[in-house]
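Peer 1: Pasting a predicted model and its sequence here:
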Amino acid sequence: MASVADQITEMKKRRKAVILAHNYCLPEVQDTADHVGDSLGLSLIASRTDADVIVFCGVTFMAESAKILNPKKKVLIPEPFAACPMASMCTAEQIRDAKRCHKDACVVGYVNSTASAKAEMDICCTSSNAVNVVSSVSEKEVIFVPDMNLGSFVASKVPSKEIILWNGYCPVHQAITQQNITDLKGKHPDAKVMAHPECRADVLSTADMVGSTEKMAEYAKASAAKEFIAATEIGMGHRLAKDCPGKRFYFPEHAVCSVMKMTSLQSILKALETMSPEVVIDHDTRERASAALKKMTEVK
Ligand code: 13P
Ligand code: SF4
């Protein structure tokens with residue numbers, strides 16, 4: 001009997017499918033994917049692929065973004081209940097209320113949000129382009145949703161803007177403390193510290209670099225250092241170890257995103273066999289969310 005990974009390869013060919021996986025997915029899922037990356041990289045691949053079917057391994061907002069950016073494709077999400085908790089911290093109605101209170105403000109929204117929330121945004125951003133996106137808007141006042149930590153980080157880099165922060169956060173990154181980093185640094189004094197901008201400001205203040213998961217991979221590859229402390233989700237360890245043989249990476253042990261771990265080889269195979277569950281977004285929401293996402297992809 002062929003292994004599950006071999007069966008996936010076979011089904012993938014038959015369905016003319018491409019498998020995309022986020023850097024936080026389980027190692028075996030990353031190893032089976034055609035592309036592994038951060039939110040921005042995967043969105044761009046999804047928007048340009050000529051495959052008939054996109055299988056998205058990650059969380060629901062990522063699969064929704066793929067569908068919004070490339071609506072003619074069938075987008076499968078093997079685990080349709082893998083929802084990012086931060087995305088539920090900002091509803092479309094709450095954004096409409098905020099816009100009523102700040103009439104001159106532009107809404108910049110992190111992609112870690114639902115499709116209906118994106119439909120209310122002027123422009124989306126990811127952790128890798130948030131600073132450039134906020135710098136690119138003409139309004140001085142910016143409502144930044146939903147991640148307050150990423151919003152504060154952007155505010156520190158773009159002082160010319162008045163950033164109105166939201167009360168959302170990633171529970172995984174929020175739980176990483178400065179003490180966690182100090183403890184790891186005590187054990188590995190030569191290690192460089194890389195931190196995801198979803199971390200709290202006091203954690204970011206300890207970092208040698210702050211960036212998206214993909215930027216971390218680039219930094220670790222290019223650095224002469226041999227050891228790194230990564231203030232992010234532990235799934236990133238697999239990607240980093242693959243990209244940087246001979247280098248060592250240390251994580252706060254509790255930095256585990258359970259929804260990112262839901263997708264398994266079995267659920268990918270089942271999705272390809274049954275061609276479900278499929279991402280479906282109503283036309284009006286998709287059109288409005290698409291404008292905000294497309295604007296983001298045009299920012300250099
Ligand atoms: P990246 O875009 O840096 O990969 O992070 C997105 C994220 O938070 C996934 O949870
Ligand atoms: Fe959401 Fe945080 Fe998990 Fe990313 S790591 S999917 S932001 S809960």
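Peer 2: Nice, I can see it. Numbering: from 1, shown residues only. Ligands and ions are numbered 1, 2, ... in the order given.
Peer 1: Quick one: residues contacting the spatially closest residue to Asp208 that is not a sequence neighbour.
Peer 2: With Cβ to Cβ, 6 or more residues apart in numbering as the measure, Lys192 is the residue that lies nearest to Asp208, at 4.5 Å, once sequence neighbours are left out. For glycine as for every other residue, the C-beta is placed from the backbone atoms N, C-alpha and C. Residues near Lys192 by Cβ atoms under 8 Å, 6 or more residues apart in numbering: 208-209, 219, 223, 225, 227-229.
Peer 1: at 7 Å what do you get?
Peer 2: Contact partners of Lys192, counting by Cβ atoms under 7 Å, 6 or more residues apart in numbering, are 208, 223, 225, 228.
Peer 1: Which positions in the protein make contact with ligand 1?
Peer 2: Taking Cβ under 6 Å from any ligand atom as the criterion, the neighbours of ligand 1 within the chain are 23-24, 38-39, 112, 126-128, 196, 198, 212-213.
Peer 1: and of the residues you listed, the nearest to ligand 2?
Peer 2: Asn112 (5.0 Å; Cβ to the nearest ligand atom).
Peer 1: how much space between the closest one and Ile268?
Peer 2: 22 Å (Cβ to Cβ, to the nearest Å).
Peer 1: quick one: low-confidence parts of the stretch 201-300 of the chain?
Peer 2: The model of the stretch 201-300 of the chain has no residue with pLDDT under 70.
Peer 1: what's near enough to touch the residue in it that ligand 1 sits nearest to?
Peer 2: When you check the stretch 201-300 of the chain against ligand 1 by Cβ to the nearest ligand atom, the closest residue turns out to be Ser212, at 3.2 Å. Contact analysis of Ser212 by Cβ under 7 Å, 6+ apart lists 38, 40, 126-128.
Peer 1: same deal with Ser39?
Peer 2: The contact partners of Ser39, by Cβ under 7 Å, 6+ apart, come to 62, 111, 126.
Peer 1: Mind doing that once more with 6 Å?
Peer 2: For Ser39, the contacting residues are 111, 126, by Cβ atoms under 6 Å, 6 or more residues apart in numbering.
Peer 1: what's around Ser138, how many residues?
Peer 2: Look at Ser138: counted by other Cβ atoms under 10 Å, it has 5 neighbours.
Peer 1: Would you quantify the distance from the closest residue to it other than its chain neighbours to ligand 1?
Peer 2: Counting by Cβ to Cβ, 6+ apart, the nearest residue to Ser138 once its immediate chain neighbours are dropped is Cys106, at 7.6 Å. Cys106 sits at a distance of 21 Å from ligand 1 (criterion: Cβ to the nearest ligand atom, to the nearest Å).
Peer 1: Fine by me, we can end here.
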